[in-house]
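# coords please:
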Amino acid sequence: MWKLKLWHNNGVVCGKLKPTNAKIDILEDPVIKNVIVLQTVLQEVRNRSAPVYKRVRDMIANPEKHFYSFTNEHHRETYIEQEQGENSNDRNDRAIRVAVKWYNEHLKKMKNEENIQVIFLTNDRNNKEKALEEGITAYTCEEYIKSLMANPDLVDRLACISDEGKEIESGKIFFPEHLPLSKLQQGIKSGIYLQGTYRASRDNYLEATVWVHGDAEENKEIIIQGLKHLNRAVHEDIVAVELLAKDEWVAPSSVVLQDDSQNEDDIENEEEKENILKASVNKNMLRPTGKVVGIIKRNWRPFCGMLSKSQIKEARRHLFTPADRRIPRIRIETRQADTLEGQRIIVAIDGWPRNSRYPNGHFVKNLGNAGDKETETEVLLLEHDVPHQPFSQAVLSFLPKMPWSITEKDMKYREDLRQLCVCSVDPPGCTDIDDALHCRELENGNLEVGVHIADVSHFIRPGNALDEESAKRGTTVYLCEKRIDMVPELLSSNLCSLRSNVDRLAFSCIWEMNHKAEILKTRFTKSVINSKASLTYAEAQMRIDSAGMNDDVTTSLRGLNKLAKILKKKRIDNGALTLSSPEVRFHMDSETHDPIDLQTKELKETNSMVEEFMLLANISVAQKIYDEFSEFALLRKHPAPPPSNYDILVKAAKSKNLEIKTDSAKALAESLDKAESPAFPYLNTLLRILTTRCMMQAVYFCSGMDNDFHHYGLASPIYTHFTSPIRRYADIIVHRLLAVAIGADSTYPELTDKHKLADLCKNLNYRHKMAQYAQRASVAFHTQLFFKTKGEVNEDAYILFVRKNAIVVLIPKYGLEGTVFFEEKDKTKPRLDYNSEVPSLTVEDTTFRIFDKVKVNIMLDASNIQHQKIRMVLVEPKIPGKDVPANPTTEASVSNEPEKKKKKLQK
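Sure, this is the predicted structure:
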């Protein structure tokens, strides 16, 4: 139980409530302001729930909420002793009533104040009765919230509070009981159960996998199939699993099943779908299979999605469909279904009883109209857990005061390199410039090359609010039209950005090289630089290629470019991989900000030039910090993929009579270089795209907690991230380690604590992965906007993967990937024959193999407003009996575009 004092609309309210998500959501609502929370309350909440305690503390810290804590236990007139025979809970109840009375008397004494009535808010029947007997005005939580007539949202959140303690009436038991935690722990210890992370399938709501924790090689991944075996686990929960007998093992299904049932008691429909799974089992593909017997830790969060309004008129109970297909639908109560239909909303789960087909939850917030650009951007940030709230005052208070300039104190331990001809090369429109370069000839005939990186760690000091926020965010997230900064804009786009013609603090890595790009000496120093030019890749390329330009900046660029080519060749000879992934760039309309053109990014020589020196700096710094701090260097590794990852690549190449060797990165790189087909020049790019899909994820780690440092893709024995501290927190830590290593800054306890560093790496890896997913989701959304305006088009495509009932294709023109399905609802199913060995799919009499060229029709399918998608239909080769869309022009017509937009499209 916990208590609060709530000062609201002329009344102070004191309450005793269970700390549930719904009640905290209510308190967090902007309507609820001016709350006084007693010390007794905070202590109780802290003992009961750390996450809820943190949320209450955050509300107290938020100046806009006007929440205050009152140390009633240390105030003479409100402190009370526990009486004989009185338990601590009753004593706390009495302490609250005493505080209410004291506040009543206290407020009456205040002059020039209107009469403020004190109200006691409690869901404890006995406590309410005692309060009324003592002359205190008392209400239940529900009664009070319902009195706030203008706020139906708050009443919706009460729906689940009023249901507390009584489960939804249903005679049916859908799920087995969860075992208590003590039994689960015993079972895991004795090996009867396995503990792991539950990962639901995006494509099949009746299937999931559990990734087992621990080092055992066998049964690493366990398949769970069927509602009863899934047993109310939700994506990312930590669960206990019991392995089934071998004769009950199943194969991962290749069937796509979405939960589209309208009737939640329709068990026959579920059983029918489960039978489809069993019918399509390939005996050679059987995997360890299990069932969830209990939940060790729930990983519920607020979910974005849309209301699926009940077909029953006047119904208050509706199903909510999350945007993430891996999350089950959630039953909520709301009185505003008509208002919320067609809106993106947030819902939280409260519980999942055995006799309920779906979890129960409550409405939290309305985000806005589905399909609206701002709303959809908010949804993708929330769904990928990207912290994107404006920086708080506490964080901003640690920024330097403006106007800022370099002081004498700043110059201590720093070299003045302002005389050097330094320049930066970045994508167009880049304002967060992390890195700059220089190259000059020395008197001895050798070359001096410098990589100068923004000295962000000078401004972000360990342990303050700015540092903690940057560490939490972990990375800057780049969406198509928006950048979610890791650090406030004053740093990211101004004081740390190495813009031209201004003095900036930097961390420099300087090499002496000969003309063969062999490193003779390396040194690191904190510095002050003044960049002579901020160039785009195209501008830098133009200078290098222009015979008439011979100024210092151009000479420096030519020297860098020449060395970069040698460095790249050495790297590739060493076994580094040159992979490919189709990246797209949108051209936006300057007024509407809608995408009006979509094309793949063109990489110039200068992209490669910058990349080579960034890689070299990262490797040099990694070696230095590891030499100095072998136990707590923050490094980055890229594990070699297991051989089975390459099966699809080897088979695909074999189908085109090419051999790909995968026994080492060098063998792979060499065989990719040889895999050319004069008749099919795009084949090599496709092979490299497919190779990228076989790779493992690169991760940050602490050197003292691991012994495999190798970076497979770069063929480097050691690697880290040093070159982008404005947009990656890992680089800030690396800067701090390097600064201590060269005596330019002092250390602090967390920097040399390998367990804390390992925890930090875990968060950085998570944030990095989520940022990538958010970026992809942003590209997907803008692609939908593009095709919404463009209409249908027919384009050439290449097959990347062959599935049992579909082909996955890549359209080079747009860098766009999509699935062409051969089975459609309510249409005659064609004859399909899938061969996993080749792999190939024969539809009627037409056979499709990986890398075959086809033509597809592309259009936006907006039939499901929540999951709008790009729909692709095969145009060529034509399959008998399949409808082919009418032939739109390959270039969609722009005849109805305004004159101004036409010109933009033709640029």
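
# drop to CA atoms for contacts and neighbour counts, all remaining ones
Will do.

# which residues in the stretch 801-907 of the chain form helices?
Assigned by DSSP state H, counting those that start in this stretch, the stretch 801-907 of the chain shows helices spanning 899-906.

# got a list of what the residue nearest to Met695 when sequence neighbours are not counted touches?
Spatially, and ignoring its direct neighbours in sequence, Met695 is nearest to Pro641 (5.8 Å; Cα to Cα, 6 or more residues apart in numbering). Listed by Cα atoms under 8 Å, 6 or more residues apart in numbering, the contact set of Pro641 reads Cys694, Met695, Met696.

# And the second one, how far from Pro288?
As judged by Cα to Cα, to the nearest Å, Met695 and Pro288 stand 24 Å apart.

# which one's the longest helix in this structure?
helix 754-790 (DSSP state H).

# Is Asp350 in contact with Phe363, as I believe?
No - using Cα atoms under 8 Å, Asp350 is not in contact with Phe363; the gap is 10.6 Å.

# Neighbour count for those two, which is higher?
Phe363 (28 against 19; other Cα atoms under 10 Å).

# show me where pLDDT drops low in the stretch 501-650 of the chain?
Applying pLDDT under 70 to the stretch 501-650 of the chain flags residues 580-603.

# For Ser500, give me its contacts.
Cys423, Asn530, Ser531, Lys532, Ala533, Ser534.

# Let me have the residues you listed in a markdown table, extended by neighbour count and distance to Ile96.
Shown next, in a markdown table, are these (neighbours: other Cα atoms under 10 Å; distance: Cα to Cα, whole Å):
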| residue | neighbour count | distance to Ile96 |
| --- | --- | --- |
| Cys423 | 28 | 66 |
| Asn530 | 23 | 63 |
| Ser531 | 26 | 64 |
| Lys532 | 20 | 67 |
| Ala533 | 18 | 67 |
| Ser534 | 21 | 64 |
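
# Mind telling me the two of these farthest from one another?
Asn530 and Ser534 (10.8 Å; Cα to Cα).

# Put the alpha carbons of stretch 232-239 into CSV.
What follows is stretch 232-239 as a C-alpha-only set of coordinates in CSV (Å, rounded to 0.1, in the frame of the first residue of the first chain):
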residue,chain,number,x,y,z
ARG,A,232,0.8,-16.3,-21.6
ALA,A,233,4.5,-15.4,-22.1
VAL,A,234,5.1,-12.1,-23.9
HIS,A,235,8.0,-11.2,-26.2
GLU,A,236,11.3,-10.6,-24.2
ASP,A,237,10.0,-12.1,-20.9
ILE,A,238,12.4,-14.3,-19.0
VAL,A,239,10.7,-17.7,-18.8
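
# What are the contacting residues of it?
Contacts for stretch 232-239 (Cα under 8 Å, 6+ apart): 175, 195-200, 292-300, 326-328, 352, 359.

# And those residues, which of them are buried?
Neighbour counting by 16 or more other Cα atoms under 10 Å classes 175, 195-200, 292-296, 326-328, 352, 359 among the contacts of stretch 232-239 as buried.

# Mind checking which of those are in strands?
Gln195, Gly196, Thr197, Tyr198, Arg199, Ala200, Val292, Val293, Gly294, Ile295, Ile296 (DSSP state E).

# out of those residues, which one sits closest to Ala95?
The closest of those, once distances to Ala95 are taken by Cα to Cα, is Ile296, at 35.9 Å.

# Just the buried positions in stretch 475-485, please.
Buried residues in stretch 475-485, counted by 16+ other Cα under 10 Å: Thr475, Thr476, Val477, Tyr478, Leu479, Cys480, Ile484, Asp485.
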